[in-house]
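Chemist: what would the 3D arrangement of this be:
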Amino acid sequence: MMGRFRRQAGGSAAVEFALVAPIFFGLLFAILETALVFFASQVLETVTGDSARLILTGQAQEKKLTKEQFKAALCERVVALFDCSNGIFIDVRSFPSFQAINLTPPIDAENRKFVDDTQYDPGHAGDIVVVRVFYQWPLIVTGLGWNMSNLAGNQRLLSATAAFRNEPFE
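Modeler: Purely as a prediction, here's the structure:
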């Protein structure tokens, strides 16, 4: 009876698949999540660059846009992927020169929490302006050994930056 059992190979493919499937699907989902994070980061970068043109050309200053209005203009350019109601943080700061730029990372290294010290100062004509946009992206596959989170709670802080000198619009 044992000899007959050893000769049977009918279910070996199913057993082999059952052994390999968790690793395969874990790797597949990690690849998909990494691609989605990179895609979302590129979308955020593009939206930041497009929205920063409002400040660069003086439209934001001319219309006297507040931080919330600038955020709304940015969110109009976001087609999908982001929760604009409370997930996007905008930091706009002006400086007298490029050498004067001194920006601190928005992550508390000890607690791995996002530090919201954002400001909104679009500056005047000829000022150096840095526009930073942040989004806390939730991660799902981090429990399978692939962990790209840089915030507590399985989140990755996506950031996009645009630095420029305002045009002489005044």
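Chemist: any idea which helix or strand of the chain has the worst average confidence?
Modeler: helix 2-7 (a mean of 65; mean pLDDT, DSSP states H and E).
Chemist: pLDDT averaged over the following helix or strand past it - what is it?
Modeler: On the C-terminal side of helix 2-7, the closest following helix or strand by DSSP states H and E is helix 12-56. The average of the pLDDT scores along helix 12-56 is 91.
Chemist: repeat for stretch 138-149
Modeler: Here stretch 138-149 scores 79 as its mean pLDDT.
Chemist: and what of stretch 86-98?
Modeler: For stretch 86-98, the per-residue pLDDT averages 93.
Chemist: so how far is it off the chain centroid?
Modeler: Centroid displacement of stretch 86-98 relative to its chain, using Cα atoms, centre = their mean, to the nearest Å, is 16 Å.
Chemist: quick check: buried residues in that stretch?
Modeler: For stretch 86-98, the neighbour count (16 or more other Cβ atoms under 10 Å) marks Ile88, Phe89, Ile90, Asp91, Val92, Arg93, Ser94, Phe95 as buried. Every residue, glycine included, has its C-beta placed from N, CA and C.
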